[in-house]
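Enquirer: okay, here's the prediction I keep looking at, along with the sequence it came from:
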2 protein chains.
Amino acid sequence: MFGNTMYRDTGLKIRTLHVRDIRFPTSLGSHGSDAMHVDCNYSCTYVIIYTEGDVEGHGLTFTIGHGNEIVVAAVKSLSPLVVGQDADQIFNDFACFWRKLTSDSQLRWIGPEKGVIHLATAAIINALWDLWANLQQKPLWKLLVDMEPEKLVSTIDFRYISDVVTKEEAVAMLKAMETGKEEREEQMKRVGYPAYTTQAGWLGYSNEHVKTLCSQYLANGFTAFKVKVGQNLEDDRRRCTMVRKIIGWDNKLMVDANQVWDIEQAIEWMKQLAEFKPLWIEEPTSPDDILGHATISKALKPLGIGVATGEMCCNRVMFKQFLQARAMQYCQIDSCRIGGVNEVLSVYFMAKKLGVPVCPHAGGVGLCEMVQHLQIFDYICLTGTTEGRMIEYTNQQHEHFENPIKVIHAHYIAPKMPGYSTVMKPDSVEAYEYPHGSKWQEMFAKGLFPDPTKQNVFVCPAK
Amino acid sequence: MFGNTMYRDTGLKIRTLHVRDIRFPTSLGSHGSDAMHVDCNYSCTYVIIYTEGDVEGHGLTFTIGHGNEIVVAAVKSLSPLVVGQDADQIFNDFACFWRKLTSDSQLRWIGPEKGVIHLATAAIINALWDLWANLQQKPLWKLLVDMEPEKLVSTIDFRYISDVVTKEEAVAMLKAMETGKEEREEQMKRVGYPAYTTQAGWLGYSNEHVKTLCSQYLANGFTAFKVKVGQNLEDDRRRCTMVRKIIGWDNKLMVDANQVWDIEQAIEWMKQLAEFKPLWIEEPTSPDDILGHATISKALKPLGIGVATGEMCCNRVMFKQFLQARAMQYCQIDSCRIGGVNEVLSVYFMAKKLGVPVCPHAGGVGLCEMVQHLQIFDYICLTGTTEGRMIEYTNQQHEHFENPIKVIHAHYIAPKMPGYSTVMKPDSVEAYEYPHGSKWQEMFAKGLFPDPTKQNVFVCPAK
């Protein structure tokens, strides 16, 4: 089913790049609510790259509503660096192109490599990887698995991380794992990669709803459950008690504070939740506080609680330090906050070098679809184990994708279709494009959300 | 000349907020060129807040060209959180408002507190401080100096930094320095605050130009000179030799690499420049690499070279760690990369606590105008010394401001006019608004720059 290399000699020039603001009204059901983000509308900045030969690459970055328009604007500002380029030349020296995109002499000032401009970079870079996988007629994970180690490593910019991992070390890591690749690939196709669920424990859900969901996930084979905490200690204890009662003590429980605490507060709060034996506390404090996370990690180690973070870790330099400082025991890469596949790969190599398991952040819009490819690559080519590793799972927004994830008995089954699983259904795009899509127009008419085009809040410069 | 408190009971509701994209064609003269930023057009996102009583607040954030349009878009997205608010209520609990602006449940995802959204926050927050100073008819530094310690500290959000400094400690620091405030204030008005110049050493300048400028600055009383390095070692040695020949060995020389090196490379390169006895190496590597800067600091300490950084340090949590880890020996706060005056104040308190001198980043557009207020406050109220401290100085873009800096014998003289010195001249705004301003239209017509409105590079979504 996987075609051989299908490079075409012509038609690889990038003809144009489209970007669209897609938003889903998830705040209506408290889906995705946590201690910091109380009314999310799961959204994405959706990029489509067209080559002259009419092969397409689709990529996206995830946001939670307002601000998606700013990321869309950033994609537009980056697009002159992409349109007109030859895709083949990009893939021949992808690290070089990646650095050009992230190091534009003027644009880098507004990052560098963080926040809006890096989210936009991720959407574009992810679209290029989808294009590459489409050209080769392989799912992205298989494109990575079949690549020569030198070729794969050539996609990574090692600037600022050479003190932890070099190009040569990365190549050697891949070569050392070549034995058994076929068996591991077969396992991923047949059994898949273990998943855990976050779906049962959003803060905004009622007791009954949480109970029902836990039971359902348990019945579906899930053995690991994540619960949101951090707004109210009594409430957290109540929710953890309830969840432990349903899932028992052989299954795993993780808790997630979404950055609400200061350092001491995090330690004290978690001591109060230690009796529920959480595997990890996720995002206990500011996502930028490496030294703070290291302090928390040290304090919670005797309690058997690890620290997990990464979904808001802004680039490889920050990941490098979290790993160096023993500030994360679970490395939660995100497929589109750092600069796309190239930069995510660099984090996998550093995590392997420093012995920290990667458990990707997923959920949102398209994150499950993307991270499965990366984690399956990690298993087949880099670490060869799923020990202490899981992919996050939530049951949301999959219906809007052409090739949604396939999770069976709490395992992600390796995707079969070519690409990065990032193609959205045209009907969904039409309906949920913000603010002009048909669904949004309906919701504005019903008064469920204000119509931003009818508000006079954005004021233009006086002339 | 300073009026007493002039709070008005009415008319403090914020009526509207304007934002404008202002750019200067500085790339035409290689002003501002360094190893990483080779063709800067110094720019700013310029915010004007109007109250119903028609008192105005002007604020800005600095960028270097492309991407300014994205920051402008971010200000527009934040503006609904500002317009309609009562300024008096904001100033009564400024920390609360600051947290609201930086913690919007949806917008914080695209930061949080970093990059584009935080630059936009800075422009807005700076405009509010200018408004506050205007209402009190005082220059900003004097507004700060005259404020009760409790009131001043109430403007700061201590979230994520309470492990280094608390509200109570900050108040105590101010109270401990109350003796001698009048004398120090008089000194700032009469003698001013010491400055160093960056103007002589941009990478793009010719030898002759550098020599002429060094001699001129020396004649004007400057005793500290900063030179850009990092592109070519031989070239760096040549430039340092030349500058040392002119300024001698009693004056200070600083070097600035603008982030081009990896860790080991930074250490090795600086060993080659140690003979020129630089006071500091500025931005040796990624601005996010706290642990890397700590390693470099340790390696260069025996050579008598300190590490300076901060102009791209994205928020107080990062500054906290740089200070905790002894990763910066000179703390270069920027007035508008982190979230405006409130957050900058928190960095001053942490730097004082951990004994690191602040030497603000300036130059660009309006940075000198702003940081003088902050550093003068530091001298009068917080540290009481200029030992090991200087404000950066470049002679650019001052002519576009209504109340430009006054630097006499290499000292910034305390400003007298009310506000934060952030009001731009209407003629400059009209001429340099991008892309429609008259100067830009002239330059497009001459073919000096491409007209972005005539390029078909930004592609709209297909409908």
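Expert: Received it, and whenever you're ready, just let me know what you need. Numbering: from 1, shown residues only, chains lettered A, B, ... in the order given.

Enquirer: quick one: is stretch A:331-342 near chain B?
Expert: No: shown here: stretch A:331-342 not in contact with chain B (C-beta under 8 Å from any C-beta of the partner chain), separated by at least 9.3 Å. Heads up, the C-betas are built off the backbone N, CA and C, glycines and all.

Enquirer: count residues in the vicinity of A:Thr16, would you?
Expert: Around A:Thr16 there are 17 other residues, counting by other C-beta atoms under 10 Å in any protein chain shown.

Enquirer: helix, strand, or coil at it?
Expert: Following DSSP: H, G, I helix; E, B strand; the rest coil, the label given to A:Thr16 is strand.

Enquirer: need the contact list for the residue in chain A that chain B sits nearest to.
Expert: Residue of chain A nearest chain B, by C-beta to the nearest C-beta: A:Gly115 (2.1 Å). Contacts for A:Gly115 (C-beta atoms under 8 Å, 6 or more residues apart in numbering or on different chains) come out as A:314, B:110-111, B:114-118, B:314.

Enquirer: most neighbours among these, which one?
Expert: B:Val116 (34 neighbours).

Enquirer: how far away is it from B:Ala73?
Expert: Between B:Val116 and B:Ala73 the computed distance is 8 Å (C-beta to C-beta, to the nearest Å).

Enquirer: check A:Tyr217 too.
Expert: 40 Å.

Enquirer: A:Arg389 now?
Expert: For A:Arg389 relative to B:Ala73 (C-beta to C-beta), the value is 39 Å.

Enquirer: more neighbours: which of these two?
Expert: Comparing A:Arg389 with B:Ala73 by other C-beta under 10 Å, the one with more neighbours is B:Ala73, at 26 against 18.

Enquirer: please name the spatially closest residue to that one (chain neighbours excluded).
Expert: Spatially, and ignoring its direct neighbours in sequence, B:Ala73 is nearest to A:Ala73 (4.5 Å; C-beta to C-beta, 6 or more residues apart in numbering or on different chains).

Enquirer: pLDDT (mean, whole number) over the helix or strand hosting the one you found?
Expert: Here A:Ala73 sits within helix A:68-78, counting by DSSP states H and E. For helix A:68-78, mean pLDDT rounds to 98.

Enquirer: that one packs against which elements?
Expert: With contacts defined as 3 or more C-beta pairs under 8 Å, 6 or more residues apart in numbering or on different chains; DSSP states H and E, helix A:68-78 has these neighbours: strand A:14-23, strand A:43-51, helix A:115-135, helix B:68-78, helix B:115-135.

Enquirer: in TSV, list those along with distance to A:Thr179.
Expert: Listed next are the helices and strands packed on helix A:68-78 as TSV, based on distance: least, C-beta to C-beta, whole Å:
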stretch	distance to A:Thr179
strand A:14-23	39
strand A:43-51	37
helix A:115-135	25
helix B:68-78	48
helix B:115-135	43
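
Enquirer: mind checking which of those is nearest A:Thr422?
Expert: Nearest to A:Thr422, of all the helices and strands packed on helix A:68-78, is helix A:115-135, at 5.1 Å by C-beta to C-beta.

Enquirer: what angle sits between that closest one and strand A:14-23?
Expert: With axes from the mean of the first three to the mean of the last three C-alpha atoms, to 10 degrees defining the directions, helix A:115-135 sits at 120 degrees from strand A:14-23.

Enquirer: quick one, helix A:115-135 and helix B:68-78 angle?
Expert: Calculated by the same axes, to 10 degrees, helix A:115-135 forms an angle of 110 degrees with helix B:68-78.

Enquirer: which residues in the stretch 101-250 of chain A form helices?
Expert: With DSSP state H, counting those that start in this stretch as the criterion, the stretch 101-250 of chain A has helices at A:115-135, A:140-146, A:149-153, A:167-176, A:181-190, A:207-219, A:233-247.

Enquirer: low-confidence regions, chain A specifically.
Expert: Counting by pLDDT under 70, chain A shows low-confidence ranges at A:1-10, A:30-33, A:38, A:455-463.

Enquirer: try 90
Expert: Counting by pLDDT under 90, chain A contains low-confidence ranges at A:1-11, A:28-39, A:54, A:105, A:199-210, A:453-463.

Enquirer: got the contact list for A:Tyr217?
Expert: So A:Tyr217 contacts A:197, A:199-200, A:225, A:410 (C-beta under 8 Å, 6+ apart).

Enquirer: re the thing from before, switch the contacts of A:Gly115 over to JSON lines; also include distance to B:Met417.
Expert: Formatted as JSON lines, those follow (distance: C-beta to C-beta, whole Å):
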{"residue": "A:Cys314", "distance to B:Met417": "39"}
{"residue": "B:Ile110", "distance to B:Met417": "36"}
{"residue": "B:Gly111", "distance to B:Met417": "33"}
{"residue": "B:Lys114", "distance to B:Met417": "33"}
{"residue": "B:Gly115", "distance to B:Met417": "32"}
{"residue": "B:Val116", "distance to B:Met417": "31"}
{"residue": "B:Ile117", "distance to B:Met417": "31"}
{"residue": "B:His118", "distance to B:Met417": "28"}
{"residue": "B:Cys314", "distance to B:Met417": "31"}
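
Enquirer: widest-spaced pair of those residues?
Expert: Farthest-apart pair in the contacts of A:Gly115 is B:Ile110 and B:Cys314; separation 13.2 Å (C-beta to C-beta).

Enquirer: and A:Tyr50, how far from A:Ala170?
Expert: 32 Å.

Enquirer: of those two, which one has the most company?
Expert: A:Ala170 (25 against 18).

Enquirer: what about the more buried one, distance to A:Val371?
Expert: In terms of C-beta to C-beta, A:Ala170 sits 20 Å off from A:Val371.

Enquirer: and for A:Ser154?
Expert: A:Ser154 is 23 Å from A:Val371, by C-beta to C-beta.

Enquirer: one more: A:Ile333?
Expert: 7 Å.

Enquirer: just A:Ile408 next, same as before
Expert: 17 Å.

Enquirer: who has more neighbours out of the two?
Expert: Neighbours per residue (other C-beta under 10 Å) separate A:Ile408 from A:Val371, with A:Val371 holding more: 28 against 12.

Enquirer: ranges for the helices of the stretch 301-450 of chain A?
Expert: So, for the stretch 301-450 of chain A - with DSSP H, counting those that start in this stretch - the helices run A:316-324, A:340-353, A:367-377, A:426-432, A:438-445.

Enquirer: report the inter-axis angle for the second one versus helix A:316-324.
Expert: Computed by the same axes, to 10 degrees, the angle separating helix A:340-353 from helix A:316-324 equals 20 degrees.

Enquirer: compute the inter-axis angle for helix A:340-353 and helix A:167-176.
Expert: Using the same axes, to 10 degrees: helix A:340-353 against helix A:167-176 is 80 degrees.

Enquirer: mind listing what's buried in helix A:340-353?
Expert: A:340-352 (16 or more other C-beta atoms under 10 Å in any protein chain shown).

Enquirer: A:Asn134: what's it in contact with?
Expert: A:55-57, A:418-419.

Enquirer: of the contacts of A:Gly115, just say which sits nearest to B:Ala266.
Expert: Each of those was scored against B:Ala266 by C-beta to C-beta, and B:Cys314 proved nearest at 20.2 Å.
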